[in-house]
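Could you look at this predicted model? Sequence included:
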Amino acid sequence: MHTKEMTAEAVAAAVRDGDTIVFPGDASILVADHLMSAIERRFLQTGHPRALTVFEPCNAALDEHSGVMRFAHEHMIRRIIAAAFPARISKDPRLSRLIREDKVEAYMLPMGILYNLLRTIAGGRPGLLSDVGTGTFADPSMGGGKLNARTTEDLVERVTIGGRPTLCYRAMPIHIALLKATTADAAGNLTMEKEPLTLSILSLALAARASGGRVYAQVERIVDAGSLHPHHVKVPGVLVDGIVLAPDAPQSRASRHDPTITGEQRAELGRAPVDAGADRIILARAASALRAGWLINLGVGTADALPLLLREAGCEDLVCATTEHGAVGGLPAQTPIFGAHFNVEALIEPTDMMDLYTGGCLDATFLGMAEVDARGNVNVSRFGERIAGSGGFVDITFSTPRIFICGSFAGRGAQIATGDGSVRIEREGSQRRLVEQVQHITLNGRQALERGQQVTLITERAVFTLEPDGWLLREIAPGIDPQRDLQPMMGFPLQQADRVRMFAPELLNGPGPAFDRWLRSCLKSQDPSP
């Protein structure tokens, strides 16, 4: 056995009651499940470790029984701090149930804030000052990220700097960092050549070591000390306390190992047409707002299929797509490996990507929604009993000049037909998505307008822009009657522009040369995006 090699059981035995554990993860990517499963087994056998605090910048779960779900046992976990939760995994709702039943303290904070908070902890600073999160669920005036009645400690406070109110996110000690990498040498140096993302694991390791904590990594292979190229090392071995061999660990839920999402190999990608229906209309309208040369972000939901439509039309080379987890260029993947890109051009750390976003370097972002309200607020983070989390939504929308919110007009069963060049409601949905007041504010509409941002809501029935008085109907699909098909499914009065335009007829076209030419002409237009 190499000097720093140890068993997963030894790592589990090193975790003490009350420890704070941090680990990376982007859905099913970079999940250190081999280590987590050993900790869970120890708890089920002995009742220890217990009262743990779980700190995860995003969400880590290969499936309904893995990753963060390993800690979803009463008494094992005391507190969870995360930006996203495994709400899409409906077969095992234990974590959500623990939160709803006040059996665990729970905080939801923006993903970029959590990554940068780890850098703050790593630097020995007492807290992170940021305007990101003001006016949203993270603001102390709106709950400070607390998700239930049991959660009472303030992790966020309002402070005044130079006469301007801002937020201070409090630092905390990190006792254990659980990492996943591809290769370790005998000295513990870690490389990630077969991982789709790196997810700032150096920040996690530094935060733990700065707190007097320990760092453990599961790897696929261990090689001789000194055999790794120093440029490839993501975490130096001097920071790593132990390495655990897990040669059969999957790369993600989708694949044992796909070299086309790591930069090792280029994929031969087809141009499969996007299916007709509501999503295609939304995506086509969103794509028509793009302009050549733009740097954009894509969020989970309807919008994450936008690159597929661009590729279908041969336009993917005209814009550069990014996702908040660090991938730049190529073709962004969808769930369960959202955040990875096929034929990725560059991989940077989420901390740096968030700086790019909050620094205002994006041209536009295309995001999903659960609901929007009369004041222009958007909710993607909590609705009903479902706690999905905000991911990077709050960070992405903080400075981006053009925000496009994309989603179906109504929820739960709504069906449309588009066969004759118009949109017909065949079955109305049973859930309003345009409501009087959202349950959770992930985007504060008033603040977005005050910052000079353009906010556009794109649905298959209509397009709205956010104005000081609320949402204003600007465009409508042929066949849609505002009073018949919009107002009854809205929780607030419909406001219409003096001249409401009809959707471009090409939006309802199926795939083909005519659609391709139209979309390319939109992207190459010199006019401001509609």
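That came in fine, so what should we check first?

Pass me the low-pLDDT residue ranges in this protein, would you?
Scanning the chain for pLDDT under 70 picks out the ranges 1-2, 87-92, 529-530.

Going by neighbour count, which residues of stretch 319-338 are buried?
319-333, 336-338 (16 or more other C-beta atoms under 10 Å). Glycine gets a C-beta too; all of them are placed from N, C-alpha and C.

Would you map the helices across the stretch 351-500 of the chain?
393-396, 445-450 (DSSP state H, counting those that start in this stretch).

Let's have these in JSON lines, adding distance to residue 407.
Listed next are those as JSON lines, based on distance: least, C-beta to C-beta, whole Å:
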{"stretch": "helix 393-396", "distance to residue 407": "13"}
{"stretch": "helix 445-450", "distance to residue 407": "15"}
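
Can you add mean neighbour count and distance to residue 197 and give these back as CSV?
Below are the helices of the stretch 351-500 of the chain laid out as CSV (neighbours: other C-beta atoms under 10 Å; distance: least, C-beta to C-beta, whole Å):
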stretch, mean neighbour count, distance to residue 197
helix 393-396, 29, 16
helix 445-450, 17, 29
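
closest one to residue 402 among the ones you listed?
helix 445-450 (10.7 Å; C-beta to C-beta).

quick one: contacts of the closest one?
With C-beta atoms under 8 Å, 6 or more residues apart in numbering as the test, helix 445-450 has contacts from 134-135, 373, 375-378, 397, 403, 455, 466-468.

List the buried residues in the biggest helix by length in the chain.
When the chain is scanned for its longest helix (criterion: DSSP state H), the result is helix 33-46. Residues of helix 33-46 classed as buried: 33, 34, 35, 36, 37, 38, 39, 40, 42, 43 (neighbour count, 16+ other C-beta under 10 Å).

just to revisit the earlier point, can I get the buried ones among the contacts of helix 445-450 as something I can paste into ChimeraX?
This is how ChimeraX selects the buried members of the contacts of helix 445-450, with burial counted by 16+ other C-beta under 10 Å:
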select :134,135,373,375,376,377,378,397,403,455,466
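
quick check, nearest of the contacts of helix 445-450 to residue 486?
Distances from residue 486 to these, taken by C-beta to C-beta, are shortest for residue 373, at 15.4 Å.

how many other residues sit next to the spatially closest residue to that closest one that is not a sequence neighbour?
The shortest distance from residue 373 to any non-neighbouring residue, by C-beta to C-beta, 6 or more residues apart in numbering, is to residue 438 (4.5 Å). As a burial measure, residue 438 scores 26 neighbours (other C-beta atoms under 10 Å).

so what's the nearest residue to residue 364 once chain neighbours are set aside bridging to?
What sits nearest to residue 364 in space, not counting adjacent residues and going by C-beta to C-beta, 6+ apart, is residue 402, at 4.0 Å. On the basis of DSSP bridges, residue 402 is bridged to residue 454.

surely residue 402 meets residue 453?
Yes. With contact defined as C-beta atoms under 8 Å, residue 402 counts as touching residue 453 (7.3 Å).

and residue 99, helix, strand or coil?
helix (DSSP: H, G, I helix; E, B strand; the rest coil).

quick one: it from residue 147, how far?
Distance, residue 99 to residue 147, by C-beta to C-beta, to the nearest Å: 6 Å.

go on, residue 396?
21 Å.

just residue 414 next, same as before
29 Å.

was I right about residue 452 contacting residue 401?
Yes. Between residue 452 and residue 401 there is a contact under C-beta under 8 Å: 7.4 Å.

These two - which one has more neighbours?
Counting neighbours by other C-beta under 10 Å for residue 452 and for residue 401 shows that residue 401 has the greater number, 13 against 7.

Contact partners for the residue nearest to the more buried one when sequence neighbours are not counted?
Using C-beta to C-beta, 6+ apart and skipping the chain neighbours, the partner closest in space to residue 401 is residue 453 (5.8 Å). Contact analysis of residue 453 by C-beta under 8 Å, 6+ apart lists 397, 400, 401, 402, 403.
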